[in-house]
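Enquirer: Sequence and predicted structure are below.
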Amino acid sequence: MGNSLRKDIIVILILILGISACRKDFEKISTSRWNPEITLPFIQTEIQLRDIIPDDSSINTRPDSLLYFAYHQDSVFSFAADSLIDMFDNDFDTSYNFSLGELSIDTFDIQATYSMSDALPYLDQAVRDTLLAYDKTENIFPPFSFSTPITIELQPIDLYRNLTFSNGFLIITVNNGLPVKVNDIRFSLKDMGNNITLKTINIESLDAGENFSDTLFLRGLSLSNRFSFQVTNFNSEGSFPDSVFIDLEKGLDFSFSAKNLRVIGGTAILPQQIMYSEILAVNFSTVNNEKLYNVIFSGGNFQYDFNSELPVRIYAELKLPSALVNGVIPTADIVIPAFDTYNGSWNLENMRLDLSSDTTHPFNKFPIEINIVVMPSGEMIEFDSANKVHTLFSSKNVKPSYAEGFFGKQEIDIDTDTIAVEMDFLQQLQGEIILDNPVFKLSYYNGFGIPIILKTDFKAVNSSTNDIVSLDMDSIRFVYPETPGNVEYSTVQIDKTNSQIVDFMAIRPDIISFSGGGFINYNNDTLNFVYDTSSLNAALDVIIPLKFVASNLNLSDTLPLDASNSDIPLNKAALKVLVTNGFPFETHLFLQLGDSLNGEILNTLDLGTVLPAVINENTGRVVSPHIDSLTVNIDKTFIDDLKIADRGIFLAKLSTAHNNNVAVGLYSDYKIKVAVGFTAAVVKP
């Protein structure tokens, strides 16, 4: 060789020694295969696939070494019991008015006798003399005739002053106490306080000792407590020829007895009695016309308020016959003074309530057994059937811990929300990528015993490009528990068979927004149940096998350079590039010289294109690498820039082979080997 050529070679050796300390320490590729006239190694590197994938914990490796991206987001959407279903109108009230109505009055009996001694002044003198002569002896009773009206006043009844009757009757009885038959008996029963005749009775005859009875019905009558019998006529033919015992204290015995008395007003001494006894069916108000059968409460109050207009003390017993608190039916005993009020409540915590006990309306009915007893007045009081006891039943802050029934076909909404998706590796890969089979998995647990259908609207957003694509997935019908206390776990897979997930991921979103809505009980009537702790929570898993079709996909690797102390007197030279391509992509290589101090790219050298590795058409996996050799001329400008550069950047623009229609996978064991060397031809002087 000439002296000048030897000098150039020495300079190149100095350059190589200067930068070889910065090269990557990978397996060296021998330059003996190139056979240049003068060839010296410049860069030797082996780039594993892991070297060009960002250090991202979301990138995982399958057992077959296929790389995949995995991302998890807790609680993409969730419903709690109070947000999914709001059944109770927490503040409702129901009022009832209980009228005093008709009351019972104690029965009573009144007797009076109109004796022959009383009648003597109204008889003929001969008859009077005979009766007086034979009083208390056996003799012939003389015939007589009585036709002068007389009044027999009765003792006032001390149980009342006046009454209006709704029911009851008086039995009026006349007994012939004389030893002879009496004929043509005429008398009347009169209410002296109201000056009215109540009953007039005519009796044809009564044998000695014989009785006669008649009935006076009292419905609708208003009576005082003072009565009289008015006798207008009776006569007898005497006992001739028989002798009888004559006793002038004997005569006609009048009496009446009151039976089954029911009154609706007046002034009286009231005895103790049941005023009202019934089971009320209070309607438990709901928000959306839910049909509730059974409820367990965790809180709230059921209040009862009484306002009495009655002039007498009352006792009230309340009972919730279809409820249990610690195995005991709730009861309340109340005493309300005359013209007074009473307020009380039940704490609903831990109360179990059956709202289906009314067979004619087996839902939402809250039965309350109520008994109102009028206590003995002990004195005369004025009362009226229209006097009322006002009651108000109300609930406050009702909180169910469990509800069972049919909650209706109600609409539900998912508020719009967003999640940031950290897929840095996709963001760093420039070019078009069509992922072959990305998968979303919505894993959820559901504690609601309610059929729920939900149409979710997921949108992919690339905030850099402003691209937005809808997932357009099918509606979700959530599996739900059929037995109270159970929770169902399930997963909905969203892939390219039931959505537009390929297009969704093609824009490489950094944000996913979601909203939606649906219905409960979309499949008509069924038994629903819910606990206050019930919830539906869905988590999102994004699983993206790195198997895709790519076009102009850019990868890069950076190597440190340091040739600043070298003096290279070459005007031109060439680079020999030996590439072993283990990637399933057609690879166009570039070498850039960079200055990290000012962030500039000083020079870009097109190294050429290398064919892809051979792949299995069915699996898209590499079966053997492709080896190629490239020669690239360099000029003085490149060499000058090399002296300034402190880093070398390999750029690889990748495209899927076979017209971009076969998806290929990225496996962790894929690599590309590159060896770059200087070459220069011998120049004769």
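Expert: Structure's in. What do you need? Note that the structure is predicted; figures quoted are calculated from it, not measured. Numbers count the residues shown, from 1 in each chain.
Enquirer: Torsion angles phi and psi at the residue lying farthest from the centre of the chain?
Expert: No residue in the chain has its C-alpha farther from the mean C-alpha position than A126, which lies at 101.8 Å (C-alpha atoms, centre = their mean). Per-residue torsions, A126: phi -60, psi -40 (degrees, to the nearest 10).
Enquirer: Just say helix, strand or coil for the nearest residue to it once chain neighbours are set aside.
Expert: Nearest residue to A126 in three dimensions, chain neighbours excluded: P142, at 7.5 Å (C-beta to C-beta, 6 or more residues apart in numbering). No exception for glycine: its C-beta is placed from N, CA and C like everyone else's. The three-state assignment at P142 reads coil, by DSSP: H, G, I helix; E, B strand; the rest coil.
Enquirer: Could you check how far the residue farthest from the centre of the chain is from F144?
Expert: Noted for A126: a distance of 10 Å to F144, by C-beta to C-beta, to the nearest Å.
Enquirer: I639 now?
Expert: For I639 relative to F144 (C-beta to C-beta), the value is 171 Å.
Enquirer: what do you get for M116?
Expert: In terms of C-beta to C-beta, M116 sits 8 Å off from F144.
Enquirer: can you check F169 too?
Expert: For F169, the distance to F144 - C-beta to C-beta - is 34 Å.
Enquirer: of the two, who's got more company?
Expert: F144 (24 against 17; other C-beta atoms under 10 Å).
Enquirer: Quick check: pLDDT value at the closest residue to that one other than its chain neighbours.
Expert: Leaving aside its sequence neighbours, F144 sits nearest to V127 (C-beta to C-beta, 6+ apart; 4.7 Å). Note on V127: pLDDT of 96.
Enquirer: picking up where we left off before, pretty sure the residue farthest from the centre of the chain is touching P143, no?
Expert: No. Judged on C-beta atoms under 8 Å, A126 makes no contact with P143 at a distance of 10.3 Å.
Enquirer: quick one: strands adjacent to the helix or strand that contains L602?
Expert: In this assignment (DSSP states H and E), L602 forms part of strand 600-610. With DSSP bridges as the test, strand 600-610 is paired with strand 585-595 (antiparallel).
Enquirer: Any regions of this protein where pLDDT drops low?
Expert: 1-42, 48-57, 84-90, 423-434, 525, 550-556, 562-572, 657-662, 680-685 (pLDDT under 70).
Enquirer: how is it carved up into domains?
Expert: Residue ranges for the domains of the chain, per automatic domain parsing: 3-55+549-679, 67-85+413-545, 92-103+270-406, 106-268.
Enquirer: so which of the ones you listed gets nearest T61?
Expert: domain 3-55+549-679 (4.9 Å; C-beta to C-beta).
Enquirer: which residues does K396 form a beta bridge with?
Expert: Bridge pairing for K396 - DSSP bridges - gives N301.
Enquirer: nope, K259 is what I meant
Expert: The partner residues for K259, given DSSP bridges, come to F169.
Enquirer: That one contacts I172, correct?
Expert: No. K259 lies out of contact with I172 (C-beta under 8 Å); the separation is 11.7 Å.
Enquirer: Looking only at neighbour counts, state which of these two leads.
Expert: Of the pair K259 and I172, I172 is the one with more neighbours under other C-beta under 10 Å, namely 20 against 14.
Enquirer: Which helix or which strand is home to the more buried one?
Expert: Using DSSP H and E, I172 falls in strand 160-176.
Enquirer: elements contacting that strand?
Expert: Counting contacts by 3 or more C-beta pairs under 8 Å, 6 or more residues apart in numbering; DSSP states H and E, strand 160-176 is packed against strand 182-191, strand 196-206, strand 211-217, strand 222-224, strand 251-269.
Enquirer: Mind doing that once more with 6 Å?
Expert: strand 211-217, strand 222-224, strand 251-269 (3 or more C-beta pairs under 6 Å, 6 or more residues apart in numbering; DSSP states H and E).
Enquirer: Identify the residues contacting the closest residue to V398 other than its chain neighbours.
Expert: The shortest distance from V398 to any non-neighbouring residue, by C-beta to C-beta, 6+ apart, is to G300 (3.8 Å). Taking C-beta atoms under 6 Å, 6 or more residues apart in numbering as the contact definition, G300 lies against L348, N397, V398, K399.
Enquirer: Please pick the buried ones from those.
Expert: L348, V398 (16 or more other C-beta atoms under 10 Å).
Enquirer: if you look at the contacts of G300, which of them are in strands?
Expert: Counting by DSSP state E, the part of the contacts of G300 found in strands is N397, V398, K399.
Enquirer: Show me where the stretch 551-685 of the chain has its strands.
Expert: 572-581, 585-595, 600-610, 614-615, 622-624, 626-635, 647-656, 664-665, 671-679 (DSSP state E, counting those that start in this stretch).
Enquirer: cool, the stretch 351-500 of the chain as well?
Expert: 351-354, 365-374, 380-384, 388-406, 411-420, 430-435, 439-446, 452-462, 467-470, 476-478, 488-494.
Enquirer: Quick one: closest of those strands to M192.
Expert: strand 380-384 (18.9 Å).
Enquirer: Check which helices and strands the closest one is in contact with.
Expert: Partner elements for strand 380-384 (3+ C-beta pairs under 6 Å, 6+ apart): strand 251-269.
Enquirer: Flag every buried residue along the strand it packs on.
Expert: 251-256, 258, 261-266, 268-269.
Enquirer: Of the residues you listed, which is the nearest to P241?
Expert: Once C-beta to C-beta is applied, the member of the buried residues of strand 251-269 that ends up nearest P241 is G251, at 23.2 Å.
Enquirer: re earlier: deepest of the strands of the stretch 551-685 of the chain, which one?
Expert: strand 664-665 (a mean of 25; mean count of other C-beta atoms under 10 Å).
Enquirer: So F77 sits against I414, correct?
Expert: Yes. F77 is within contact range of I414, at 5.2 Å (criterion: C-beta atoms under 6 Å).
Enquirer: residues contacting the nearest residue to V461 once chain neighbours are set aside?
Expert: Excluding its sequence neighbours, the residue lying closest to V461 (C-beta to C-beta, 6+ apart) is I511, at 4.1 Å. Going by C-beta under 6 Å, 6+ apart, I511 touches T418, A420, V461, S463.
Enquirer: which of those are buried?
Expert: V461.
Enquirer: Format the contacts of I511 as JSON lines; extra columns: distance to T164.
Expert: Formatted as JSON lines, the contacts of I511 follow (distance: C-beta to C-beta, whole Å):
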{"residue": "T418", "distance to T164": "78"}
{"residue": "A420", "distance to T164": "84"}
{"residue": "V461", "distance to T164": "84"}
{"residue": "S463", "distance to T164": "88"}
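Enquirer: So which bits of the helix or strand where I512 lies are buried?
Expert: Using DSSP H and E, I512 maps to strand 511-520. Residues of strand 511-520 classed as buried by neighbour count (16+ other C-beta under 10 Å): I512, S513, F514, S515, G516, G518, F519, I520.
Enquirer: What is the nearest of these to S490?
Expert: G518 (16.1 Å).
Enquirer: Please tell me how far that closest one sits from E411.
Expert: Taken as C-beta to C-beta, the span from G518 to E411 is 8 Å.
Enquirer: Same question for S236.
Expert: S236 is 96 Å from E411, by C-beta to C-beta.
Enquirer: out of the two, which sits in the busier spot?
Expert: More crowded of S236 and E411, by other C-beta under 10 Å: S236, with 23 against 9.
Enquirer: Pretty sure that one sits against V182.
Expert: Yes. S236 is within contact range of V182, at 5.0 Å (criterion: C-beta under 6 Å).
Enquirer: Give me the common contacts of the two.
Expert: With the criterion set as C-beta under 6 Å, 6+ apart, the contacts of S236 and V182 do not overlap.
Enquirer: For stretch 217-236, buried residues please.
Expert: For stretch 217-236, by 16+ other C-beta under 10 Å, it's 218, 221-231, 234-236.
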